[in-house]
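> prediction below, plus the sequence it came from.
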Amino acid sequence: MIRVTRSAIVDAPIERVWAVLRDFNSHTAWHPVVAESAIENDEPSDQVGCVRSFTLKDGNHIREQLLALSDAEHVSTYCILDATLPMRRYVATVQLKRVTDGDRTFWHWQSTFDAPRGREQEFADLVGKGVYEGGFDGLRAFLRRRPGTPVTPGATNAPALRATAGDALSTQGIVVSRFGGPETLETRTLAVPPPGRGEVRIRHAAIGVNYIDVYVRTGEYPFIEPPAPPGMEAAGEVLDLGDGVTHLLPGDRVAYACAPPGAYVGVRTLPARHVVVLPDDIDAESAAALMLKGMTAEYLLHRSHAVRTGETLLVHAAAGGVGLLLCQWAKALGARVIGTVSTEDKARAARAAGCDAVIVGRDAAFATAVHDATAGRGADVIYDGLGRAAARENLAALAMCGHWICYGHATGAIEQLSLREIGEKSATVSSPVLFHYTDDPATLREMASRTFDALRRGLIRLDIRHRYPLAAAAQAHRDLESRRTIGPLVLLP
């Protein structure tokens, strides 16, 4: 019995490498010795038991069967059923492990098999060098692939969306022509530069609308110099890549939520470090509605304050894009949730999202209602995206030793609070920013993965009621600011 073992380090995240290797028919795209391959009987290429029938470039033919596949362990095992090569009882295992000192992957590949007597070394070299070492180099080259080369088998092959390296493109977009109201949002034709080193160019399929876009439009957040497009969140497809990008490929479905603004366009170039690959079960509209708002809920509930079972939470704007996700996810974590909303329609949405009590009204007097709902204790945690209008009532509504988290200020920035006022309740006041958490690519992927998993498991649900053509961005802003909307808003290029 011959045993062949090889290992290598691949300069790409384990998720990116595994996304390729778990596809039992992907080897035509990256392995230099494989000519043609097909999965028999049209079975899925990641289904245990499926058989791939392929031809090598030297003319030999092999049929192999997938015996085991573990996404949790990043392991696949397969065997040769029959081959024109005189190899018998061939069983191989591929295993990936995360390298702790960087965004890299350890790849271990081993097999056992029988070969004709006297030819053992010949076949050990054939497998070890030609198949395994050649495969390592082939996948590295595949992950470094430059624009204009073929996409992964099975991926959409739309030549009109593929750009050659160095090509500039044009796109329709919405720009803030000058700081001011929604009327300052204008449609223009914009140039889209080719991706430079560390960048990616994306064709958007859906764009998220968030209140931070209003701050950018009015100039309250000086993130742009007009005329320039707003927007922090979108989903779409990778067109092409700059040098040094290893975790993405042309044709990948992706999403992002990041500064600087620029998402209100059909095509955009931006740093690839901010972009994550979408799971197959997350569509573009859901991703565009979820990345910024969902990851905001993720860090508010798991990082700014780790919510504990039995805690009472006060969620302002509970029927908004972030508010609905906060209420659902907090309830799944075992918290008691009180929401504030402006109308009875929104109250119904907040209750459906898990609120145990809802305070309805446009005035800022809610502290008494919070104490009434908590037998006088107050809220252990307050999630505040309102800002100035709610500030004094928040302090009054907060429980002793409570945590007031101000993650936005739709009604204006909070005036200065004194330490004496905060100290009267031994309170904690924090003002976290999503982009400070997601600036590290590994943390970004972790937060996005947890958010997608929460949607997948039903901990949170999306009800996208408000869709607008990209050209109607001004109307979307009017509706958002007038508080007529419930849940997320998306623009469709």
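Everything's here; your move. Numbers count the residues shown, from 1 in each chain.
> C-alpha only now, for contacts and for neighbours.
OK.
> what ranges does the stretch 251-400 of the chain have for its strands?
Read by DSSP state E, counting those that start in this stretch, the stretch 251-400 of the chain holds these strands, from start to end of the chain: 253-257, 267-271, 275-277, 312-315, 336-341, 357-360, 379-384, 398-406.
> where does the residue nearest to residue 178 when sequence neighbours are not counted land in three-state SS?
Here the nearest residue to residue 178 in space, its sequence neighbours aside, is residue 226; by C-alpha to C-alpha, 6 or more residues apart in numbering that works out to 5.4 Å. Using DSSP: H, G, I helix; E, B strand; the rest coil as the criterion, the local structure at residue 226 reads coil.
> ok, residue 226 touching residue 184?
No - with contact defined as C-alpha atoms under 8 Å, residue 226 does not reach residue 184; the gap is 9.9 Å.
> now do the shared contacts for these two.
Among the neighbours of residue 226, those also in contact with residue 184 (C-alpha atoms under 8 Å, 6 or more residues apart in numbering) are 175-178.
> only whichever of these are buried, select them in PyMOL.
In PyMOL, this line selects whichever of the shared contacts of residue 226 and residue 184 come out buried by 16 or more other C-alpha atoms under 10 Å:
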select buried, resi 175+176+177+178
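> just to revisit the earlier point, who has more neighbours, residue 226 and residue 184?
residue 184 (18 against 15; other C-alpha atoms under 10 Å).
> who are the neighbours in contact with that one?
Under the criterion of C-alpha under 8 Å, 6+ apart, the neighbours of residue 184 are 175-178, 217, 474.
> next one: residue 9
By C-alpha under 8 Å, 6+ apart, the contact set of residue 9 is 104-107.
> try it again at 6 Å.
Under the criterion of C-alpha atoms under 6 Å, 6 or more residues apart in numbering, the neighbours of residue 9 are 105-106.
> I'd like to know how far it sits from residue 139.
Counting by C-alpha to C-alpha, to the nearest Å, the gap from residue 9 to residue 139 is 11 Å.
> tell me where the stretch 1-150 of the chain has strands.
Along the stretch 1-150 of the chain, the segments classed as strands by DSSP E, counting those that start in this stretch run 2-10, 34-39, 51-56, 61-70, 75-83, 88-99, 104-114.
> can you put those strands in CSV and add distance to residue 278 and mean pLDDT?
Listed next are these as CSV, based on distance: least, C-alpha to C-alpha, whole Å; pLDDT from 0 to 100:
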stretch, distance to residue 278, mean pLDDT
strand 2-10, 21, 96
strand 34-39, 24, 93
strand 51-56, 26, 96
strand 61-70, 19, 96
strand 75-83, 21, 96
strand 88-99, 20, 95
strand 104-114, 20, 95
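> so how many other residues sit close to residue 421?
Here the number of neighbours of residue 421 (other C-alpha under 10 Å) works out to 11.
> and for residue 348?
Under the neighbour criterion other C-alpha under 10 Å, residue 348 is assigned a count of 14.
> per-residue pLDDT, it?
The model reports residue 348 with a pLDDT of 95.
> how about the one 5 residues further on?
We note a pLDDT of 95 for residue 353 in this prediction.
> any idea how far residue 237 is from it?
From residue 353 over to residue 237 the distance is 31 Å, taken as C-alpha to C-alpha.
> likewise for residue 255?
In this structure, residue 255 lies at 8 Å from residue 237, with C-alpha to C-alpha as the measure.
> so for those two, which sits in the more crowded spot?
Taking other C-alpha under 10 Å, residue 255 and residue 237 do not tie; residue 255 has more neighbours (27 against 23).
> how deep is the nearest residue to residue 124 once chain neighbours are set aside tucked in, by neighbour count?
Spatial nearest neighbour of residue 124, excluding adjacent residues (C-alpha to C-alpha, 6+ apart): residue 4 at 6.3 Å. For residue 4, the tally of surrounding residues (other C-alpha under 10 Å) stands at 17.
> what mean pLDDT does stretch 443-462 have?
Mean pLDDT, computed over stretch 443-462, is 94.
> who touches that stretch?
For stretch 443-462, the surrounding residues in contact (C-alpha under 6 Å, 6+ apart) are 294, 325, 328-329, 438.
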